[in-house]
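Student: Generate a structure from the sequence data that follows.
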Amino acid sequence: MRDDGAVRELSALSITEIAIKTGKGKLDIQREDVLVGLADLRMQVLPWNARHAFKLFDLPLHHNDPFDRQILAQALAENIPIVTPDEKFELYPGIEVIW
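Tutor: Have a look, this model is predicted:
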């Protein structure tokens, strides 16, 4: 059953990663596609801030990907779950993984 009252957020870091990978030719997604996807899914963009960055000091090094580590820190700081198929995310105490 779908919870239509759920808050759906996408980290600004994810948009940054999409833009970088598109620029390198690793993804074929344009800015307009991301904007349409955000609107279609009724998603808000969660900005990155210093409180999130300071959480990086507390993270064990289970993951080397800098974007993933930032998303983990952001989720911990905001106390929100992460939607991902990446099993390494479950190694971090306090992270709730949905998928």
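Student: what about L10, which SS state?
Tutor: When classified by DSSP: H, G, I helix; E, B strand; the rest coil, L10 comes out as strand.
Student: Quick one: neighbours of it, just the number.
Tutor: Per other CB atoms under 10 Å, the neighbour tally for L10 reads 18. C-beta coordinates here come from the backbone N, C-alpha and C atoms, glycine included.
Student: just checking, it touches Q44?
Tutor: Yes. With contacts counted by CB atoms under 8 Å, L10 reaches Q44, the gap being 7.5 Å.
Student: in the protein, which spans are helices?
Tutor: With DSSP state H, the ranges of helices along the chain come out as 12-23, 31-40, 50-55, 66-78.
Student: Where does the prediction get shaky in this protein?
Tutor: Where the chain drops to pLDDT under 70, the residues are 1-4.
Student: ok, 80 please
Tutor: Low-confidence segments of the chain, defined by pLDDT under 80: 1-5.
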